[in-house]
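Enquirer: Here you go, sequence then predicted model.
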Amino acid sequence: MVEQRGRGNETPPVEPGSNDHDAARAGPFDEACLLADACDAAGSTDYGDDAFRVPLRVLLSSLADAALTEMGVSLQRAGILKSLTTRLRAVEYNACHPEIADEVVAPPIVVVGMMRSGTTLLQRVLAADPRHYSVLGWEVGEPVPRPGTRWPSRGRAPSG
């Protein structure tokens with residue numbers, strides 16, 4: 001039988017960098033601990049618009065009540081922490097580069113289909129056309145450049 005974990009949302013907010021946000025003490029899905037840990041990881045405290053907080057609380061509450069294994073808790077917490085860190089980096093990057101808001105983004109072409117039906121071939125044909133842009137694997141995992149990143153030509157991972 002897997003032990004049910006408590007909500008863990010009773011801990012007061014913690015200032016980033018204080019190291020008082022101990023997930024083991026407060027619970028792995030404690031909002032204040034996760035937010036502070038993300039601030040520490042990103043080196044920023046500006047999350048931008050607070051609209052994400054209500055859905056985040058619903059998610060954290062559901063996860064705290066779920067009968068997750070230790071591995072499940074670890075994976076879920078790491079994913080949430082990565083998302084929060086990415087949000088912090090995106091807000092900071094957009095503040096430093098307001099010209100991003102002026103970029104025109106064309107509607108995407110999304111390729112879907114049954115396995116073995118030619119979707120990979122179609123995606124590769126479309127990606128070969130210079131009028132289209134196919135997202136690279138590392139770009140999906142790191143959608144916001146880390147501080148100090150120098151962008152090389154397309155197709156190579158950034159250095160920094």
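Expert: Cool, got the structure. Numbers count the residues shown, from 1 in each chain.
Enquirer: shaky segments in this protein?
Expert: Where the chain drops to pLDDT under 70, the residues are 1-25, 152-160.
Enquirer: which one's the longest helix in it?
Expert: Assignment by DSSP state H gives helix 70-96 as the longest helix of the chain.
Enquirer: Check which helices and strands that one sits against.
Expert: Here helix 70-96 is seen to pack against helix 31-42, helix 53-65 when contacts are counted using 3 or more Cβ pairs under 8 Å, 6 or more residues apart in numbering; DSSP states H and E. Quick note: C-beta positions are derived from backbone N, CA and C, even for glycine.
Enquirer: One more pass at 7 Å, please.
Expert: Applying 3 or more Cβ pairs under 7 Å, 6 or more residues apart in numbering; DSSP states H and E, we find helix 70-96 packed against helix 31-42.
Enquirer: now the angle from the helix it packs on to helix 70-96?
Expert: Angle between the axes of helix 31-42 and helix 70-96 is 60 degrees (criterion: axes from the mean of the first three to the mean of the last three Cα atoms, to 10 degrees).
Enquirer: list the buried ones in the longest helix of the chain?
Expert: For helix 70-96, burial by neighbour count (16 or more other Cβ atoms under 10 Å) applies to 73, 76-77, 80-81, 84-93.
Enquirer: Same question for stretch 111-126.
Expert: Judged by neighbour count using 16+ other Cβ under 10 Å, the buried positions of stretch 111-126 are Val111, Gln123.
Enquirer: and the protein, what are its domains?
Expert: Here the domain assignment for the chain is 23-98, 104-160, based on automatic domain parsing.
Enquirer: Cys113 against Thr119, yeah?
Expert: For residue 113 the amino acid is Gly, not Cys. Yes. Using Cβ atoms under 7 Å, Gly113 is in contact with Thr119, at 4.2 Å.
Enquirer: chain center to stretch 110-120: distance?
Expert: With Cα atoms, centre = their mean, to the nearest Å as the basis, stretch 110-120 stands 26 Å off its chain's centre.
Enquirer: ah, wrong one, I meant stretch 62-79
Expert: On Cα atoms, centre = their mean, the centre of stretch 62-79 falls 16 Å from the chain's centre.
Enquirer: Check stretch 41-55 too.
Expert: Centroid separation between stretch 41-55 and its chain, computed with Cα atoms, centre = their mean, is 11 Å.
Enquirer: List of residues touching it?
Expert: With contact meaning Cβ atoms under 7 Å, 6 or more residues apart in numbering, stretch 41-55 is reached by Pro16, Cys39, Thr85, Arg87, Leu88, Arg89, Val91, Glu92.
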